[in-house]
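S.K.: Prediction below, plus the sequence it came from.
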Amino acid sequence: MRRLALACLTVLTLAACQSHDEDKAATTPPAAPARPSTAPPPPLPAVANEHHDFSPDITGADFAAHLRVISSDEYDGRKPGTLGERLTTNYIIEQFKRAGLEPGNKGEWIQTVPSVSTALNGQDTLALDVAEGGANERFAFGTDMVAGTLQAKADVDVKDSDIVFVGYGVDAPEAQWNDFDGVDVKGKTVVILVNDPGWNGNDANLFKGREMTYYGRWTYKFEEAARKGAAAAFIVHQTEPAGYGWNVVRSGWTTPRLDLPESEDPAPRLPVAGWLTRDAAVRLFAKAGKNFDELAKQADVRGFKPIPLDAKASIHLQSTITHSLSNNVIGMVKGTDKPDEAVVYTAHWDHLGHDPALKGHQIYNGAIDNGTGIAALLEIAGKFAQDKPKRSVVFAAVTMEESGLLGSKYYVAHPPFPLAKTVADINMDALPIGGATRDMTVEGHGQNDLEDMLAEVLKADGRVVSGDSAPEKGYYFRSDHFNFAKAGVPALAAGGGIDMVNGGKAAGMAAGEDYGKNRYHQPTDVYDMRWNFDGVMQNVKAFYALGEKLADSDVWPAWKEGSEFKAVREKSLADGAKKKK
């Protein structure tokens, strides 16, 4: 019965083809023998209603069954707020119940996540106006700059705001670095370089050298500018240090922005945030009598001081604001000895829905991203339910990852277990499907003890941990584990290896490039009957084994020296100890 529905689907398809061919043969003369086709068969359509007898163990057959359902056309791309969400969350709850889990959100399966959408109006005429050099310079939306409000307000007006160049926009006391030193930017417009000082400084001891730290992430730069009281902040885009082209920036800021409402996330937010192209920044600086390249070089050196420009910025934003709700699904296996301490597994269930404007297949099925993560979450949850760990293990299928990691952000703000009692987060996102590998890649390599524990797990299987192949792109800051890290909880972001048993690193690199080019965030990310699950099952079992080591021990993994999250964790644990007294 494991593949009954799929077998029936295949048989029916063959039968239909045979009947059609027979009818055709009765009315047309025999054709010349066809040459055998060398094209691979099309992906086998996934179905949502297949029957499958699940095993209590972690198996490739069970994983594939979950994946076929979660990425089926019936689930319509799993967009939050749609029927696809209801089908997805109901399926996850049903599987948690079947496996024997308990509700994980203080007696509830669901954790409702509010969101606010900001859709920028009038983009075709919007411009940033800069008064400088006795004249007015206009920077057009889309070609020279992008902008939006982070305050979810329908009308925002910044007028004649003094412009200040603040280097990388970093205030990092542990690194003895403050780009805002000696200047008050309240009510002003700040211009910021992308990435962090270590990236372009040619100094391996400056921050983390060419590896991006949290201070290089664009979200941090806007957060810090808001904390300093700026009215507006513009990051200067450059493709290499950003890790993506201007087209990615432009598309991300032309569509409605989702965020948690300020009532749920009271951190300071900028009235205006945006990006400038490098050419626009060069033009802006030149009109103010400054050389952009020279000032950018100065920002690479310790002791840099902010530089006011003889220029004033004005921009008027009008937006349409709407509110909506979506749901995290949270299950748990209660610990036998230390039920108040929790190991958390996360995976986002959401994807991009469907686009009726597309020709051909219109559904973003998201089989890899992130049907694989949900299938892994369900398999691992079922195994823990049988094994009864000493610590509690929480399984959070979170929403709105594709909209800015909002589901995990809300979970961290409203944790079912206090963060000081949360041992670690193990996140699973877009797990590669392919053959076995000799390694497993860890993003943000060098951050915390979890990667060392994972190395021990892999060693028993004759495998090793590999570092991120592109650390300068900051992938560690782009999935749900990052919200746990920001709150100080040691978090692991790991995926498939790059060194394949058949084909080596060249094959692994080619597979990754193929996915990025031909499937990532495209309607072609669909379940494929030809998939080899050997590699992904290695990794799912490794994720389980790591969680088992944590759940059946007294170990509290820590952040390594030099991690930007170490101080946050130490404070959290200290505050937790005080409350206990």
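M.R.: Alright, I've got the coordinates.
S.K.: Number of residues surrounding residue 558?
M.R.: Residue 558: 15 surrounding residues under other CB atoms under 10 Å. In short, each C-beta sits where N, CA and C put it, glycine included.
S.K.: looking at it, it is touching residue 489, isn't it?
M.R.: No - using CB atoms under 8 Å, residue 558 is not in contact with residue 489; the gap is 11.1 Å.
S.K.: list residues touching both of the two?
M.R.: Applying CB atoms under 8 Å, 6 or more residues apart in numbering, one finds that residue 558 and residue 489 are jointly contacted by residue 569.
S.K.: Can you give the contact residues for stretch 313-324?
M.R.: Outside stretch 313-324, the residues within contact range by CB under 8 Å, 6+ apart are 80-81, 114-122, 126-131, 147-149, 152-161, 163, 189, 232, 261, 272.
S.K.: same check, this time on stretch 413-422
M.R.: With contact meaning CB under 8 Å, 6+ apart, stretch 413-422 is reached by 104-106, 111, 260, 264-265, 330, 332, 340-344, 392, 394, 412, 484, 487-489, 572-573, 575-577, 579.
S.K.: can you pull the contacts of residue 77?
M.R.: 84, 351-354, 363-366.
S.K.: quick revisit: ok, of the contacts of stretch 313-324, which come out buried?
M.R.: Neighbour-count burial (16 or more other CB atoms under 10 Å) applied to those gives 80-81, 115-118, 120, 126-131, 147-149, 152, 156, 158, 161, 163, 189, 232, 272.
S.K.: Past the helix or strand containing residue 282, which element shows up next along the chain?
M.R.: Taking DSSP states H and E as the criterion, residue 282 maps to helix 278-287. Next helix or strand after helix 278-287 toward the C-terminus (DSSP H and E): helix 292-298.
S.K.: Paired strands for the strand ranked longest in the chain, with orientation please.
M.R.: Assignment by DSSP state E gives strand 307-333 as the longest strand of the chain. Take DSSP bridges as the rule and strand 307-333 pairs in its sheet with strand 102-103 (antiparallel), strand 110-120 (antiparallel), strand 127-132 (antiparallel), strand 155-165 (antiparallel), strand 391-398 (antiparallel).
S.K.: what's the angle from it to helix 278-287?
M.R.: 150 degrees (axes from the mean of the first three to the mean of the last three CA atoms, to 10 degrees).
S.K.: and the helix or strand just after strand 307-333, which strands flank it?
M.R.: If you walk from strand 307-333 toward the C-terminus, the next helix or strand you reach (DSSP H and E) is strand 338-348. Each strand paired with strand 338-348, and its direction, by DSSP bridges: strand 391-398 (parallel), strand 422-427 (parallel).
S.K.: pull the CA atoms of strand 338-348 into CSV?
M.R.: Extracted C-alpha coordinates of strand 338-348, given in CSV (Å, rounded to 0.1, in the frame of the first residue of the first chain):
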residue,chain,number,x,y,z
LYS,A,338,13.8,17.6,32.3
PRO,A,339,10.6,18.5,30.7
ASP,A,340,11.2,22.2,31.2
GLU,A,341,14.3,22.2,29.0
ALA,A,342,13.7,22.1,25.2
VAL,A,343,15.5,21.2,22.0
VAL,A,344,13.7,22.9,19.1
TYR,A,345,13.5,21.7,15.5
THR,A,346,12.2,24.3,12.9
ALA,A,347,11.2,24.1,9.3
HIS,A,348,9.0,26.6,7.4
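S.K.: Where does pLDDT dip in the chain?
M.R.: Where the chain drops to pLDDT under 70, the residues are 1-48, 201-202, 577, 580-581.
S.K.: Find the residue at the geometric middle of it.
M.R.: Most central in the chain under CA atoms, centre = their mean is residue 479, positioned 2.6 Å from the mean C-alpha point.
S.K.: Just list the residues touching that residue, thanks.
M.R.: Here residue 479 is in contact with 348, 401, 405, 427, 429, 493 (criterion: CB under 8 Å, 6+ apart).
S.K.: How about the secondary structure of the closest residue to it other than its chain neighbours?
M.R.: Of all residues not flanking residue 479 in the chain, residue 429 sits nearest, at 4.6 Å (CB to CB, 6 or more residues apart in numbering). Secondary structure assignment for residue 429 (DSSP: H, G, I helix; E, B strand; the rest coil): coil.
S.K.: what's the answer for residue 574, then?
M.R.: Under three-state DSSP, residue 574 comes out as helix.
S.K.: okay, now it: neighbour count?
M.R.: Residues contacting residue 574 under the criterion other CB under 10 Å number 11.
S.K.: And the nearest residue to residue 100 once chain neighbours are set aside, which helix or strand is it part of?
M.R.: The shortest distance from residue 100 to any non-neighbouring residue, by CB to CB, 6+ apart, is to residue 385 (4.1 Å). Using DSSP H and E, residue 385 falls within helix 372-387.
S.K.: Remind me what that helix packs against, helices and strands.
M.R.: Contact partners of helix 372-387 among helices and strands, from 3 or more CB pairs under 8 Å, 6 or more residues apart in numbering; DSSP states H and E: helix 60-70, helix 83-99, strand 307-333, strand 338-348, strand 391-398, helix 534-551.
S.K.: For those, state which one has the densest average packing.
M.R.: Most buried of the helices and strands packed on helix 372-387, by mean neighbour count (mean count of other CB atoms under 10 Å): strand 391-398, with a mean of 28.
S.K.: export that strand as PDB, just CAs?
M.R.: Output of strand 391-398 as PDB, limited to C-alpha atoms (Å, rounded to 0.1, in the frame of the first residue of the first chain):
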ATOM      1  CA  ARG A 391      14.500  16.800  27.600                       C
ATOM      2  CA  SER A 392      11.400  18.000  25.800                       C
ATOM      3  CA  VAL A 393      11.700  18.200  22.000                       C
ATOM      4  CA  VAL A 394       9.700  20.900  20.200                       C
ATOM      5  CA  PHE A 395       8.800  20.700  16.500                       C
ATOM      6  CA  ALA A 396       7.800  24.100  15.000                       C
ATOM      7  CA  ALA A 397       6.500  24.200  11.500                       C
ATOM      8  CA  VAL A 398       6.600  28.000  11.000                       C
END
